[in-house]
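> After the sequence you'll find the predicted model.
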Amino acid sequence: MSKTTKNILLLATAVLLLGGAVIAIAATSRQSERASADRATFLVERGSLSITLTESGTIKSRDQHIVKSEVEGRTTIIYVIDEGTLVEPGELLVELDSSGLEDQLVDQQIQVENTEADYISAKENLEVVKIQNQSNIAQATLDNQFAIEDKTKYLEGEWPKELMEAETDVTLKEEELRRISDEFNWSERLYEEKYLSETEYRADELAMRRAELQLALSKENLKLLQQYTHLRKLTELDSQIEQMALALERVKRESSSDLVQAEARLRAREAELNRQRDRLAKIEDQISKTKIHAPAKGMVVYASSSEFSWRGDEQPLDEGQEVREREELIHLPTADSMMVNIQVHESALGKVEIGQPVQIRIDALPERSFSGRVTKIAPLPDATSVFMNPDLKVYDTQIMIDGVHPELRTGMSCRATVLVEEHLDAVSVPLQAVVGRGGESMVYVLEGNEARPREVKTGLDNNAMVHIISGLSEGERVLLTPPLSDDSRQRTQRGAPQEEKSNADRQTQADRNEDREGRSDWGGGRQGEGRAQARSGGRP
């Protein structure tokens, strides 16, 4: 082989080797570019960010009178004014059936008359008892006084008289005996001298014996009077005084007892009369409440039209329908200013505060937007929602609409968007780019061809974008489909399938559209989010 031929072969071999190397380098570069393009990423930018919360709600009048049935039990509507009617104060709104109450009224009037008769009888009986008590006490007092005076009369009058009579009788009997004894002694001498017959002598002797017996009898009477009769009389008089005193005390206590019983009976009859009168007045009041009049000027709105019944069996207000006590019948809006009632889930309750601005869109007026502010947040969850679903906790929240809007009507459906936070220059990423790792928020930042996890501090989110307080800088790229665990990180670094990228791109675009729609009332929402989109291959 000649020298020229060898040079040509060497040159051809070098060209082939060089071409192979170039082809290998190009293939490697293209493979790297394809691996990078297969990853769905997001370019971090700074821009405005609105954190909002959107809930459905119902329009209500800010000030309204609630007309309720105040008739006890259940009753039937016999007249109801047409809904939407403009009424003046005092105009009849609802009339309830009062036939049963009318029957009760007649029975109660009879009961009141009977009770009043019992009361009058008890009142007159009390006066009789008072008079009888006075008479009984006076008589007992008089008897007691007489008993005391009887003893005084006996000690100062009867006893000295009886004693004197007994002593006088003894004295007279002694003198009589002395006289008769003298006569007998004289008769005895005459009898011994035979001048007096035995008969006359025996007569004189008998007279002396009689006088002696009479003297002895008088002395015994005196002794009996002093030692027995007098003491017994004193005891009887003392006992009589004591008995009269006890009788007086007994009469006083009996009079007091009779008086207390009469007064108690009168009070009982009076209380019963008052109770029956109150019941009569209550029935009359219930009859008057069967006719419900407008308390103020306003437009009639049926409560069944403006309130949702969780039972699902709420019937429109109409004649013949039964209503219960305290049931709301009619709402009378009395002001042109309106408010919105929304229900905030417990998971979003921390975002809502009193005073936050709100944008309201009415379903019936889609071209109009209204502003307002949060004015009240219920301290407890809605009882109806808890009853229907114990796991669902929502809190009633009131939003006052700014200004006066006559076109708004009670019961209109609306969507209220609460502006929680407004950032003019903030870093944010799509919500799906942030994952939790051990209680920390992580994002996967693309560094070259490798995605590395990085801890970030997050703020609030608006269901599409999340506010990044620290940990990311403008211009960095993060994975939109971060691995759910560290075990799947290797697969992520090797490049996700093209189908995963497409799904992530579609999800990001859907979240962006939803967020843009929900925050369109706030003047464009987050400008950076309009430019944020999933890019592949590191190309904007």
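Received, thanks.

> so where do the helices sit in this structure?
In the chain, the segments counted as helices under DSSP state H are 3-37, 99-153, 159-192, 198-224, 230-288, 303-306, 383-388, 489-494, 498-518, 527-531.

> I'd like the ones you listed laid out as JSON lines, including distance to Cys414, mean pLDDT and mean neighbour count.
Placement of C-beta: from N, CA and C, glycine included. Written out in JSON lines, the entries for the helices of the chain read as follows (distance: least, C-beta to C-beta, whole Å; pLDDT from 0 to 100; neighbours: other C-beta atoms under 10 Å):
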{"stretch": "helix 3-37", "distance to Cys414": "45", "mean pLDDT": "56", "mean neighbour count": "11"}
{"stretch": "helix 99-153", "distance to Cys414": "43", "mean pLDDT": "93", "mean neighbour count": "15"}
{"stretch": "helix 159-192", "distance to Cys414": "115", "mean pLDDT": "84", "mean neighbour count": "15"}
{"stretch": "helix 198-224", "distance to Cys414": "122", "mean pLDDT": "85", "mean neighbour count": "15"}
{"stretch": "helix 230-288", "distance to Cys414": "40", "mean pLDDT": "93", "mean neighbour count": "15"}
{"stretch": "helix 303-306", "distance to Cys414": "14", "mean pLDDT": "76", "mean neighbour count": "18"}
{"stretch": "helix 383-388", "distance to Cys414": "19", "mean pLDDT": "80", "mean neighbour count": "13"}
{"stretch": "helix 489-494", "distance to Cys414": "44", "mean pLDDT": "46", "mean neighbour count": "14"}
{"stretch": "helix 498-518", "distance to Cys414": "14", "mean pLDDT": "45", "mean neighbour count": "16"}
{"stretch": "helix 527-531", "distance to Cys414": "25", "mean pLDDT": "34", "mean neighbour count": "16"}
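
> for these, which one sits closest to Glu474?
Taking C-beta to C-beta as the criterion, helix 527-531 is the member of the helices of the chain that comes nearest to Glu474, at 9.6 Å.

> so what are the domain limits for the chain?
36-46+425-535, 64-97+290-334, 101-275 (automatic domain parsing).

> how about TSV for those, with distance to Val418 added?
Output for the domains of the chain, formatted as TSV (distance: least, C-beta to C-beta, whole Å):
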stretch	distance to Val418
domain 36-46+425-535	11
domain 64-97+290-334	22
domain 101-275	50
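
> of those domains, which approaches Val386 most closely?
Among those, if distance is taken as C-beta to C-beta, the winner is domain 64-97+290-334, at 10.5 Å.

> mind checking the end-to-end distance for the closest one?
Across domain 64-97+290-334, the straight-line distance between its terminal residues is 5 Å, by C-alpha to C-alpha, to the nearest Å.

> now that domain: how far from the chain's centre is it?
Its chain's average C-alpha position is 25 Å from that of domain 64-97+290-334, according to C-alpha atoms, centre = their mean, to the nearest Å.

> ok, now stretch 425-444?
Relative to its parent chain, stretch 425-444 has a centroid offset of 47 Å by C-alpha atoms, centre = their mean.

> what does stretch 224-237 give?
If you compare the mean C-alpha spot of stretch 224-237 with that of the full chain, they lie 82 Å apart, counting by C-alpha atoms, centre = their mean.

> looking at the helices of the chain, which is closest to Leu92?
Each of the helices of the chain has some distance to Leu92 by C-beta to C-beta; the shortest is helix 230-288, at 12.6 Å.

> which ones are touching Leu349?
Listed by C-beta atoms under 8 Å, 6 or more residues apart in numbering, the contact partners of Leu349 are 377, 395.

> Distance of it relative to Pro357?
In this view, Leu349 and Pro357 are 18 Å apart by C-beta to C-beta, to the nearest Å.

> what do you get for Glu447?
In this structure, Glu447 lies at 41 Å from Pro357, with C-beta to C-beta as the measure.

> Just the pLDDT for Asn462.
At Asn462, the pLDDT value in this model is 81.

> my read: it touches Thr54, true?
No: using C-beta atoms under 8 Å as the test, Asn462 is too far from Thr54 to be in contact (9.0 Å).

> Which one's more surrounded, these two?
More neighbours surround Asn462 than the other of Asn462 and Thr54, with 27 against 20 (other C-beta atoms under 10 Å).

> Ramachandran coordinates for the more buried one?
When read as degrees, to the nearest 10, the backbone of Asn462 gives phi -120, psi 30.
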